[in-house]
Each structure stands twice: as structure tokens, then as C-alpha cells.
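S.K.: sequence first, then the predicted structure:
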Amino acid sequence: MGFITDLVVTLVDDDKNLWKLASELIYIDNDNDYHTVPTGFVCDFASVPPFPLTQYLFKTADTHRPAVLHDYYCVERTIPQKEADHLFYEALLNEGVNKLKAKLMWSAVRMYSKIKGKD
């Protein structure tokens, strides 16, 4: 399926690159389940080191909505981390991100989850 709403944000803190959702972000997963990120949620479109490769992978427009969805579940912890990471991968593919880039991004969040003991 995919996202059924646009990403509408306002800048909260330019120094920290923090953005606040001005409207709900709604995603329908491949099992037809709805996922809603509420208005007011604050995110940074993926926390990544400032290296050229990570900037290429994570800081592009086609990754923003999946990153916000993933950030939301990482903060709220209403689903298991592994499920949040899988949903991120699925959403990337549904946004048209090529499979290699999506797999690299998924691998990065899985590795981070394991290092931080979030699994």
C-alpha cells in the first residue's frame, strides 16, 4: 500500500534540525493495517552521522516519510523494534526507494538497534 497523507512539517529548531508534524502522517502497510503518526510529533528525518554516504542514504526526500514513521515507533515503542525496522524497510520500498538503498538503510537501523540493545 503506502502513505495516504502528505508530510506537512514546521521547523522547530534549526540548529538541531527538528521538525514538528503539522498534520497526521498515515501509512497503510502491506497487510492493510493503518499506522498514524500524530500531529505534533517532533522528528529530525533520521539521526545519522554527517558522512557523505549516510547523507545520501538517509537525507533524501523519498526517505522522509518512512523515517518519520520509524522515528515515531522508536520513540513511542508501541510495537517491537524489529517490527518498526521492518515497517521502515517496507515503507521505503512503497515510496519507490530502490531495493539496494532500502536494504542498506534497513541494515543500518537493524545494526543500530542491536548495538543499542533495543531488540
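M.R.: Received it, and whenever you're ready, just let me know what you need.
S.K.: the residue sitting furthest away from the middle of the chain in helix, strand or coil?
M.R.: Residue farthest from the centre of the chain, counting by Cα atoms, centre = their mean, is residue 15 at 20.4 Å. Secondary structure, DSSP: H, G, I helix; E, B strand; the rest coil: residue 15 is coil.
S.K.: quick one: it from residue 4, how far?
M.R.: 33 Å (Cβ to Cβ, to the nearest Å). Every residue, glycine included, has its C-beta placed from N, CA and C.
S.K.: am I right that residue 18 is in contact with residue 10?
M.R.: No: judged on Cβ atoms under 8 Å, residue 18 makes no contact with residue 10 at a distance of 10.1 Å.
S.K.: between those two, which one's more packed in?
M.R.: Neighbour count, other Cβ atoms under 10 Å: between residue 18 and residue 10, residue 18 has more, with 14 against 8.
S.K.: so the nearest residue to the more buried one once chain neighbours are set aside is in which element?
M.R.: Leaving aside its chain neighbours, residue 18 sits nearest to residue 12 (4.4 Å; criterion: Cβ to Cβ, 6 or more residues apart in numbering). Taking DSSP states H and E as the definition, residue 12 sits inside strand 9-13.
S.K.: chain center to that strand: distance?
M.R.: Mean-position distance between strand 9-13 and its chain equals 17 Å (Cα atoms, centre = their mean, to the nearest Å).
S.K.: tell me the helices and strands packed up against that strand.
M.R.: strand 18-21 (3 or more Cβ pairs under 8 Å, 6 or more residues apart in numbering; DSSP states H and E).
S.K.: name the residues of the strand it packs on that are buried.
M.R.: 19, 21 (16 or more other Cβ atoms under 10 Å).
S.K.: and for stretch 34-42?
M.R.: 35, 37, 41.
S.K.: okay, the second one and residue 65: tell me how far apart.
M.R.: Distance, residue 37 to residue 65, by Cβ to Cβ: 9 Å.
S.K.: give the residues shared as contacts by the two.
M.R.: Shared contacts of residue 37 and residue 65 (Cβ atoms under 8 Å, 6 or more residues apart in numbering): 25, 27.
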